[in-house]
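**Student:** This is the structure alone, sequence omitted:
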């Protein structure tokens with residue numbers, strides 16, 4: 001009976017018994033027609049502010065930005081008046097693979113593949129709901145399927161860039177081995193390479209690679225068309241900058257001269273003062289006992305938090321410093337990335353506008369997407385968020401994200417689209 005039914009169905013659809021060729025299921029697309037956003041307060045991502053603006057979207061991109069409020073005769077209309085509209089936030093340093101396991105502890109390699117995938121996807125979703133439409137995760141091989149699923153198959157989440165892991169070694173690691181690892185990352189499909197130039201702060205923050213080795217790594221990354229990010233403390237900050245590395249993370253314990261060298265070299269600088277240490281301390285019982293998470297290591301980070309603040313202020317004092325938004329978000333911090341804004345403004349001395357731009361145009365440039373995201377202008381991706389309140393007057397507004405759109409697809413909105 002089943003065989004007869006199968007034959008009948010194949011005959012009805014004109015198919016042979018051979019397997020039919022199929023194409024991948026495409027991701028959800030933006031509305032076919034134009035979508036018009038009515039905006040009473042707009043921050044364009046470059047430091048400019050406007051009132052009463054109409055933004056027209058087409059095929060997931062911004063088609064035009066018009067002064068005044070103009071309700072069109074056709075197409076969808078989203079009324080965002082009463083909110084502050086800006087580009088989606090960009091976090092240049094997160095760890096999506098870091099999440100809590102079923103017991104509420106930091107997940108390890110003993111976790112099942114299914115549970116790990118769920119945890120990573122949940123971290124990405126929380127980031128998107130927090131207004132972060134693009135994140136750079138550095139990194140773990142498990143992030144590649146998520147990146148690809150979001151990019152190619154419409155899985156809900158922020159745009160993800162990943163290093164697929166990091167590069168470690170010591171002064172004895174041969175140059176050709178270093179080049180080989182970079183080339184391997186390229187083959188695996190990494191968007192960038194992350195390099196540990198220093199050991200973890202929890203175990204001394206000591207140099208690992210030499211300046212020569214850093215140059216070998218960053219030169220090879222550039223030759224392979226990959227960006228480089230360096231985890232660096234102390235004088236390794238200046239060493240990485242002289243080696244031509246593109247983005248330098250943390251910089252704790254660095255001197256003013258180290259920061260000056262990095263700023264003059266044009267490296268993007270990424271301090272963290274508002275979230276990562278605070279999250280570790282608040283959740284230390286969920287971390288301690290795994291890897292180098294020890295009570296002593298936690299206390300070192302808390303004790304030396306003032307050095308993070310000092311180095312961030314040094315960066316602010318450098319006229320050419322390119323300070324980008326970067327949280328180092330791990331388990332417990334995903335979705336709360338915006339907490340870093342408070343540290344940047346309160347502790348580092350950035351203005352609210354400077355802090356926001358660091359997560360818009362400057363962050364987009366740092367990750368190589370400055371021509372696609374990070375600003376509200378014709379031709380740019382329709383990555384847009386809306387906040388309840390005005391963050392220039394009350395930074396608390398960054399905690400209250402009412403609307404999230406990525407590439408013209410709305411993922412969060414309590415209101416409704418007209419027509």
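**Tutor:** Nice, thanks for sending it over. Here the structure is a predicted model, which means the values were calculated and not measured. Residues are numbered from 1 along each chain as shown.

**Student:** what's around the residue lying closest to residue 97 once chain neighbours are set aside, how many residues?
**Tutor:** Spatially, and ignoring its direct neighbours in sequence, residue 97 is nearest to residue 140 (3.7 Å; CB to CB, 6 or more residues apart in numbering). For every residue, glycine as well, the C-beta is placed using N, CA and C. Summarising burial for residue 140: neighbours were counted as other CB atoms under 10 Å, giving 18.

**Student:** does residue 140 really touch residue 165, like I thought?
**Tutor:** Yes. Using CB atoms under 8 Å, residue 140 is in contact with residue 165, at 6.0 Å.

**Student:** mind listing what the residue nearest to residue 97 touches?
**Tutor:** With contacts defined as CB atoms under 8 Å, 6 or more residues apart in numbering, residue 140 is in contact with 95-97, 162, 164-165.

**Student:** isn't residue 201 right next to residue 300, touching?
**Tutor:** Yes. The pair residue 201 / residue 300 is scored as a contact, 6.3 Å apart, by CB under 8 Å.

**Student:** more crowded one of these two?
**Tutor:** A side-by-side neighbour count of residue 201 and residue 300, using other CB under 10 Å, places residue 201 first with 21 against 18.

**Student:** quick one on the thing from earlier: pull up the gap between the residue nearest to residue 97 and residue 164, please.
**Tutor:** Relative to residue 164, residue 140 is positioned 7 Å away (criterion: CB to CB, to the nearest Å).

**Student:** Excluding covalently adjacent residues, which one is nearest to residue 390?
**Tutor:** residue 84 (5.3 Å).

**Student:** Then residue 160?
**Tutor:** The nearest residue in space to residue 160 (CB to CB, 6+ apart) is residue 147, at 4.1 Å.

**Student:** Let me see the ranges of the helices in the stretch 301-419 of the chain.
**Tutor:** 305-317, 339-343, 352-358, 361-366 (DSSP state H, counting those that start in this stretch).

**Student:** Can you tell me which of these is nearest to residue 69?
**Tutor:** Distance to residue 69, taken as CB to CB, is lowest for helix 352-358 among the helices of the stretch 301-419 of the chain, at 23.4 Å.

**Student:** Following the chain onward from the top helix by length along the chain, which element is next?
**Tutor:** For the chain, the longest helix by residue count, based on DSSP state H, is helix 113-129. Stepping forward along the backbone from helix 113-129, the first helix or strand reached (DSSP states H and E) is strand 132-137.

**Student:** follow-up on the earlier one: residues in contact with the longest helix of the chain?
**Tutor:** With contact meaning CB under 8 Å, 6+ apart, helix 113-129 is reached by 91, 94, 96-102, 107, 111, 135, 142-143, 145-146, 150, 155-158, 160, 329, 331, 334-335, 337, 401, 404, 406, 411-412.

**Student:** hang on, the earlier thing: hang on, the residue nearest to residue 97 is in a helix, isn't it?
**Tutor:** No. Secondary structure assignment (DSSP: H, G, I helix; E, B strand; the rest coil) places residue 140 in coil, not in a helix.

**Student:** Please parse the protein into its domains.
**Tutor:** Segmentation of the chain into domains, based on automatic domain parsing, reads 35-87+375-418, 89-366.

**Student:** Quick one: mean pLDDT over the first one.
**Tutor:** Confidence for domain 35-87+375-418, expressed as mean pLDDT, is 95.

**Student:** cool, and stretch 203-219?
**Tutor:** What stretch 203-219 shows for mean pLDDT is 97.

**Student:** What's the end-to-end length of it?
**Tutor:** Using CA to CA, to the nearest Å, the end-to-end distance of stretch 203-219 comes to 28 Å.

**Student:** Check stretch 241-255 too.
**Tutor:** Across stretch 241-255, the straight-line distance between its terminal residues is 14 Å, by CA to CA.

**Student:** how far out from the middle of the chain is that stretch?
**Tutor:** In terms of CA atoms, centre = their mean, to the nearest Å, the gap separating the centre of stretch 241-255 from the centre of its chain is 19 Å.

**Student:** Same question for stretch 145-161.
**Tutor:** Going by CA atoms, centre = their mean, the spacing between the C-alpha centre of stretch 145-161 and its chain's C-alpha centre is 13 Å.

**Student:** got a list of contacts for that stretch?
**Tutor:** Contacts of stretch 145-161 (CB under 8 Å, 6+ apart): 24-28, 88, 96, 117, 120-121, 124-125, 127-128, 132-137, 143, 162, 191-192, 367, 373, 383, 406-407, 411.

**Student:** Show me how to select, in ChimeraX, the buried members of the residues you listed.
**Tutor:** Here is the ChimeraX selection string for the buried members of the contacts of stretch 145-161, based on 16 or more other CB atoms under 10 Å:
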select :88,96,120,121,124,125,127,128,132,133,134,135,136,137,143,162,191,192,367,373,383,406,407,411
